[in-house]
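Colleague: Sequence and predicted structure are below.
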Amino acid sequence: MAITEMNFEEAIRFTKEKNTKLVWIGREPIEYIRELTGLEESQLIKAEPNNLAYADRAEAEKFSDHVFVCYHGNSSRYLATLLKDKFGINSISMKGGITSLVGEIF
């Protein structure tokens, strides 16, 4: 089964309806991403991709039904697929990453 991908609007709606979070996996501080997205502090968290790649089941389950967001959508898609394949955990990837919303941030 393929992972779910959503655009930004769908991801925001999903996080509100499911009371879940967007997970930023980039290098910029989370405060910067909150400003770019207009999200509340409770809607966005930061995670280290390498830690997630080697997470155990208990750690990985903390990200169930969360929406992963990276720069262009590739790393978030990879992590969502990894969690699905390794543990059967459903998560979502934001299509096109943060650049689909605000353009290049470098």
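Modeller: Thanks, I have it.
Colleague: before we move on, what SS does Val83 have?
Modeller: Small correction: residue 83 is Leu, not Val. Secondary structure for Leu83, judged by DSSP: H, G, I helix; E, B strand; the rest coil, is helix.
Colleague: Quickly note the distance from it to Asn7.
Modeller: Plainly put, Leu83 is 20 Å away from Asn7 if you go by CB to CB, to the nearest Å. For every residue, glycine as well, the C-beta is placed using N, CA and C.
Colleague: If you count surrounding residues, which of the two has more?
Modeller: Leu83 (24 against 12; other CB atoms under 10 Å).
Colleague: pLDDT score for the more buried one?
Modeller: pLDDT recorded at Leu83 is 94.
Colleague: That one is in contact with Ser93, isn't it?
Modeller: No - using CB atoms under 8 Å as the test, Leu83 is too far from Ser93 to be in contact (10.4 Å).
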